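Asks: Whatever this is, show me its structure:
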Amino acid sequence: MEQVKLTQYSHGAGCGCKISPAILDKILHSDFPKMSFPSLLVGNESKDDAAVYDLGDGNCVVSTTDFFMPIVDDPFTFGAIASVNAISDIYAMGGEPVMAIAILGWPINKVPAEVAKYVLDGSRSVCAKAGIPLAGGHSIDCPEPVFGLAVTGKLRKENLKRNDTAKEGCLLYLTKPLGIGIVTTAQKKGIVEEAHLKMATDTMLTLNKFGAELGKLPYVTAMTDVTGFGLLGHLSEVCEGSSLSAEIEFNRVPQFDFLQNYISQKSIPGGTTRNWDSYGTKISAITEQQKAILADPQTSGGLLIAVEPQHTEAFEKLVSHNGLSIKPFGQLVKQTRTLITVH
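Replies: The predicted structure follows:
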């Protein structure tokens, strides 16, 4: 079979094709009378990663869906990344995934069906690593390749982690480096170094399994994953939902150390501009380089975690045991007119 470069068939890439936060707010606004579902613990209101439903016996069902257009050319890797990204929403709530259902849109007259088979194989490989079945799915004939998962998970009610429950004084951690959108845009422009692309791909393929363990820690007060809205967008949701502001140190934010070369070559995804246009007025004055990195849309990004300051030593020891080495890059403070201040 002739090798197909999937990214040439998509106008967006990964979570960079997400609708911007400002436009999404307009779409989600409804004049329909709001119905009350007391058992729905997390819905649309908090802009969280997944919906959570209380079963009434101390257990909760966690439900999410996530899909996008190709972010890499290889079909197996595309399916794997899309699956890691979707399953991450369950981990970001402190839950454990149970099963997944595939969502496939395929340009049947443009790309051979055999290529879609490899996309599904990539998804199956990730589901196997997460210990869950790819239990079914739905497919349509679509102008561009699209793939993702609907994932069902579970958690104990007391282990639920939300994005709007952070506390003043909490330190901020991020488990994966920023720069995915910059690197994958460089790939589409044909200027990426293979070593850099591999680093970005390996990052996207890393499951956020650690989130299920973090759900059991009472001193983790809020958690979310960083995807299409960039670090500033998802941190904004944490701040607004928790009625707090944040102060962050740019040089301490986890980021690939080779990004400046691509930024200087204008390798910046369109999603970065859409993100900044949506929430830039809430952020302190920053440089163009800082904007390019902090508003960069991530695909299958890391967990953004708020940790009570008196427990940072225990938290970092646990993180180290899980093979991660991260340090705080900022702190949540009393709410001010500026939502996020970048130093």
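Asks: Please list the residues outside stretch 253-268 that contact it.
Replies: 174-179, 181-183, 185-186, 189, 191-193, 196, 199-200, 231, 288-289, 292-294, 296, 302, 326, 329-330 (C-beta atoms under 8 Å, 6 or more residues apart in numbering). Placement of C-beta: from N, CA and C, glycine included.
Asks: So which of the residues you listed belong to helices?
Replies: Among those, the members falling in helices (DSSP state H) are 181-183, 185-186, 189, 196, 199-200, 231, 288-289, 292-294.
Asks: Of those residues, which is the most crowded?
Replies: Ranked by neighbour count (other C-beta atoms under 10 Å), the ones in helices among the contacts of stretch 253-268 have residue 181 at the top, with 31 neighbours.
Asks: before we move on, the earlier item: from the ones in helices among the contacts of stretch 253-268, which has minimum pLDDT?
Replies: Least confident of the ones in helices among the contacts of stretch 253-268 in the model: residue 189, at 87.
Asks: What sits closest to that one if chain neighbours are left out?
Replies: Nearest residue to residue 189, sequence neighbours excluded (C-beta to C-beta, 6 or more residues apart in numbering): residue 267, at 5.9 Å.
Asks: what about the one you found, neighbour count?
Replies: The local packing of residue 267 (other C-beta under 10 Å) involves 21 other residues.
Asks: Need the phi and psi values for it.
Replies: As for residue 267, its main-chain torsions (degrees, to the nearest 10) stand at phi -90, psi 70.
Asks: ok, residues contacting stretch 237-245?
Replies: Outside stretch 237-245, the residues that touch it by C-beta under 8 Å, 6+ apart are 46-47, 162-168, 222, 224, 229, 246, 304, 306, 332-336, 338-341.
Asks: go on, stretch 312-321?
Replies: So stretch 312-321 is contacted by 171, 173, 175, 210, 213, 217, 219-220, 307, 325-328 (C-beta under 8 Å, 6+ apart).
Asks: min pLDDT across the residues you listed, which one?
Replies: pLDDT across those is lowest for residue 325, at 87.
Asks: For it, give its distance to residue 331.
Replies: 20 Å (C-beta to C-beta, to the nearest Å).
Asks: which one of those two has more residues nearby?
Replies: residue 331 (18 against 8).
Asks: Tell me who's in contact with the residue nearest the centre of the chain.
Replies: Centroid-nearest residue in the chain: residue 227, 2.9 Å away (criterion: C-alpha atoms, centre = their mean). Residues near residue 227 by C-beta under 8 Å, 6+ apart: 15, 18, 85, 88, 234, 297, 298, 299, 300, 301.
Asks: Confirm that it sits in a strand.
Replies: No. Counting by DSSP: H, G, I helix; E, B strand; the rest coil, residue 227 is not part of a strand but coil.
Asks: List the buried residues of stretch 328-343.
Replies: By 16 or more other C-beta atoms under 10 Å, the buried positions in stretch 328-343 come out as 328, 329, 330, 331, 332, 339, 340, 341, 342.
Asks: Between the two ends of that stretch, what distance do you get?
Replies: End-to-end distance for stretch 328-343, by C-alpha to C-alpha, to the nearest Å: 14 Å.
Asks: So for the contacts of residue 227, which is the shakiest by pLDDT?
Replies: For the contacts of residue 227, the pLDDT minimum is residue 15, 43.
Asks: what number of residues lie near the closest residue to residue 124 other than its chain neighbours?
Replies: Leaving aside its chain neighbours, residue 124 sits nearest to residue 134 (5.2 Å; criterion: C-beta to C-beta, 6+ apart). If you count neighbours by other C-beta under 10 Å, residue 134 ends up with 20.
Asks: what do you get for residue 240?
Replies: Using other C-beta under 10 Å, residue 240 is surrounded by 18 other residues.
Asks: And the pLDDT for it?
Replies: pLDDT, residue 240: 93.
Asks: in a helix, that's where it is, yeah?
Replies: Yes. Counting by three-state DSSP, residue 240 is part of a helix.
Asks: What distance do you get for it to residue 181?
Replies: 23 Å.
Asks: One more: residue 52?
Replies: From residue 52 across to residue 181, the span is 28 Å (C-beta to C-beta).
Asks: Ok, residue 113 next?
Replies: Taken as C-beta to C-beta, the span from residue 113 to residue 181 is 30 Å.
Asks: Dihedrals phi and psi, the residue nearest to residue 124?
Replies: The phi and psi values for residue 134, taken as degrees, to the nearest 10, are phi -90, psi 100.
Asks: Test my guess that it contacts residue 127.
Replies: Yes. Applying C-beta atoms under 8 Å as the test, residue 134 and residue 127 come out as touching, 4.6 Å apart.
Asks: Thanks again, I'm all set now.
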